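Undergrad: Dropping a prediction and its sequence here:
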Amino acid sequence: MQPTRSEEALREQYPPLTDHEALVEAHRCLYCYDAPCTQACPTHIDIPKFIKKIATGNLLGSARTILEANLMGATCARVCPVEELCEGACVLGAEHRPIMIGRLQRYATDYVYERGIDVFKPGPPTGKRVAVIGAGPAGLTCAGELAKLGHRVTVYEKRELPNGLSTYGIIGLREPVEVALAEAEMVRRLGVEIKTQMELGRNLAWDEVRNSHDAVFLAVGLGAVPKLGIPGEERMVDGLGYIEASKLNPRALQVGREVVVVGAGNTAIDCATIAKRFGAERVTIVYRRTEREMTAYPHEYEFAKKEGIEFRFLTQPVEVLLEAERVVGLRCVRMQLGAPDASGRPAPEPVADSAFVIPCDQVVKAIGQEKPAIAQMLGLATEGGFIKVNQDYETSLPGVYAGGDCIRARGSASTVMAVQDGKLAAFAIHRRLVQQIGMAAD
Ligand SMILES: Cc1cc2nc3c(=O)[nH]c(=O)nc-3n(C[C@H](O)[C@H](O)[C@H](O)COP(=O)(O)OP(=O)(O)OC[C@H]3O[C@@H](n4cnc5c(N)ncnc54)[C@H](O)[C@@H]3O)c2cc1C
Ligand code: SF4
């Protein structure tokens with residue numbers, strides 16, 4: 001059967017490596033003793049070790065090395081900003097081409113997922129119960145690690161499908177839905193119960209969760225796209241919903257002919273890429289600061305420019321213009337940068353009498369996500385609106401831990417950081433639980 005236009009548009013950006021390509025690439029690795037690539041990986045995957053195993057044809061062993069450090073290794077192989085992390089640190093990058101660590105990691109993890117091989121087994125039961133709220137990368141990692149240690153874990157997830165933004169938010173060019181769901185299945189097969197369509201604060205009561213578990217891990221990510229507070233905003237398309245539709249219901253996705261995307265983070269670039277690939281003639285990203293302050297990764301910015309996406313910096317939208325209920329333009333004003341604001345970046349200020357209109361028939365809002373509402377609901381201490389945790393990932397409520405985007409008060413949110421939080425929080429929860437039953441922690 002011919003692929004549809006939308007399937008073609010968002011097919012995974014890179015094809016899988018062939019066996020021959022993987023072997024040749026693995027043999028290029030110098031297996032450095034101090035492995036700067038491993039040090040640059042937030043989950044500290046033993047990269048030379050997993051590459052060596054590929055070189056010797058031990059693909060199961062290679063996948064085990066990856067997944068021991070990072071249970072979401074198949075997602076991270078695709079979505080990690082490797083240019084900034086492992087590949088950016090590879091010693092071969094200085095004079096040659098760095099090793100394609102991400103693609104080799106994908107090669108090894110795909111090997112086990114495509115064959116349905118279970119790499120780990122659940123640990124002997126400890127009798128302890130843990131609740132995880134949110135089945136994104138942080139929650140699934142924490143749940144999987146705790147199951148490996150023998151604890152009984154239930155994950156409560158408000159959406160229909162597990163794996164958070166890996167399933168719903170990361171553009172199909174980088175990660176197909178099937179990869180995200182395969183990781184959730186692997187965690188389920190470790191004995192973790194994943195209860196979907198269960199939302200803490202709606203159809204799941206906090207008292208019930210706390211009273212029936214020995215510890216709780218909150219991994220709820222962030223909230224909806226915030227409001228801009230401008231006239232006509234109700235006619236803007238929600239950026240996260242746009243990406244979600246492109247992955248899960250592409251035939252129903254409505255894409256304009258001339259699309260303006262508001263924002264300049266990775267979400268904005270992803271929305272603009274979708275618009276372009278789904279046939280928009282002109283796609284423009286508007287951002288109120290300059291390219292220096294953009295939060296999108298530099299390689300994503302370069303990619304967007306190659307896709308033919310235009311950028312208008314120092315531009316602030318002030319009104320969505322409508323005619324007969326249809327979007328016909330976005331009124332904007334020019335900005336100039338002033339003194340630094342609370343974020344430390346220069347504050348944009350409007351230039352007097354500078355209003356102008358960008359003609360368009362669709363405006364997509366991709367200006368980040370709201371802080372986790374759950375913090376206030378549970379009365380947790382916060383830091384800049386994020387849930388505050390100590391060095392053991394414990395919140396201000398004893399026995400209640402948190403990790404992932406919902407605690408990321410500093411640094412940029414990424415899947416690999418969420419995975420590392422989930423793993424370290426699992427080890428901290430395990431130490432607490434074994435103390436209670438007088439078991440040795442290892
Ligand atoms: C558009 C977009 C593109 C991105 N691209 C990349 C990328 O290329 N590379 C990268 O490394 N990172 C990327 N990120 C960031 C990355 O996706 C996140 O950092 C990562 O998913 C965080 O994981 P998490 O588990 O903390 O949160 P999430 O993935 O957000 O998962 C949280 C889960 O909790 C659930 N939940 C929320 N509230 C409740 C509740 N009350 N009860 C029950 N369940 C609840 C949610 O439904 C969700 O499933 C991107 C993010 C976005 C938005
Ligand atoms: S730095 Fe590069 S060459 Fe050295 S071990 Fe890592 S991937 Fe191999």
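TA: Cool, got the structure. Ligands and ions are numbered 1, 2, ... in the order given.

Undergrad: Distance-wise, check the residue in the stretch 51-200 of the chain that ligand 2 sits nearest to relative to Asp238.
TA: For the stretch 51-200 of the chain, the residue closest to ligand 2 is Cys90, as judged by CB to the nearest ligand atom, at 3.4 Å. C-beta here means a position set from N, CA and C on the backbone, and glycine is covered the same way. When CB to CB, to the nearest Å is applied, the distance between Cys90 and Asp238 equals 38 Å.

Undergrad: Determine the number of other residues adjacent to the nearest residue to Asp214 once chain neighbours are set aside.
TA: Leaving out its chain neighbours, the residue that sits closest to Asp214 by CB to CB, 6 or more residues apart in numbering is Lys128, at 4.8 Å. Taking other CB atoms under 10 Å as the criterion, the count of residues near Lys128 is 22.

Undergrad: ok, Lys128 touching Arg432?
TA: No. If you go by CB atoms under 8 Å, Lys128 and Arg432 don't touch, sitting 9.3 Å apart.

Undergrad: overlap in contacts of the two?
TA: For the pair Lys128 and Arg432, residues contacting each of them under the criterion CB atoms under 8 Å, 6 or more residues apart in numbering are Ala215.

Undergrad: Identify the residues contacting the residue of the stretch 51-200 of the chain closest to ligand 2.
TA: So, once contact is read as CB under 8 Å, 6+ apart, Cys90 ends up touching 36-37, 98-99, 101.

Undergrad: Phi and psi next, for the most centrally placed residue in the chain.
TA: To find the centre residue of the chain, average its C-alpha atoms and take the closest one (CA atoms, centre = their mean): that gives Thr415, at 4.2 Å. According to degrees, to the nearest 10, the main-chain angles of Thr415 amount to phi -60, psi -50.

Undergrad: cool, Ala304 as well?
TA: Dihedral angles phi and psi of Ala304 (degrees, to the nearest 10) take the values phi -60, psi -40.

Undergrad: Give me the contacts around stretch 279-288.
TA: Contact with stretch 279-288 is made by 5, 255-264, 268-269, 272, 275-276, 294, 304, 308-317, 330, 332, 335, 348, 358, 360, 362, as judged by CB under 8 Å, 6+ apart.

Undergrad: Mind doing that once more with 7 Å?
TA: Residues external to stretch 279-288 that are found in contact with it (CB atoms under 7 Å, 6 or more residues apart in numbering): 255-264, 268, 272, 275-276, 294, 309-317, 332, 335, 348, 358.

Undergrad: Quick one: buried ones out of the residues you listed?
TA: Using 16 or more other CB atoms under 10 Å as the burial test, the contacts of stretch 279-288 include 255-256, 258-264, 268, 272, 275-276, 294, 309, 311, 313-317, 332, 335, 348, 358 as buried.

Undergrad: Among these, name the ones in strands.
TA: Filtering these for membership in strands, criterion DSSP state E, returns 258-262, 311, 315-317, 332, 335, 348, 358.

Undergrad: Pick out the lowest-pLDDT one from those.
TA: By predicted confidence, these are weakest at Pro348, whose pLDDT stands at 90.

Undergrad: residues near Pro98, how many?
TA: Counted with other CB under 10 Å, residues neighbouring Pro98 total 18.

Undergrad: Which pLDDT value belongs to the residue nearest to it when sequence neighbours are not counted?
TA: Using CB to CB, 6+ apart and skipping the chain neighbours, the partner closest in space to Pro98 is Cys90 (3.6 Å). Looking at Cys90, its pLDDT reads 98.

Undergrad: gap between Cys90 and His299?
TA: Where His299 is concerned, Cys90 sits at a distance of 15 Å (CB to CB).

Undergrad: and what of Tyr107?
TA: When CB to CB is the yardstick, Tyr107 and His299 sit 21 Å from each other.

Undergrad: So which of those two has more stuff around it?
TA: Neighbours per residue (other CB under 10 Å) separate Tyr107 from His299, with Tyr107 holding more: 24 against 12.
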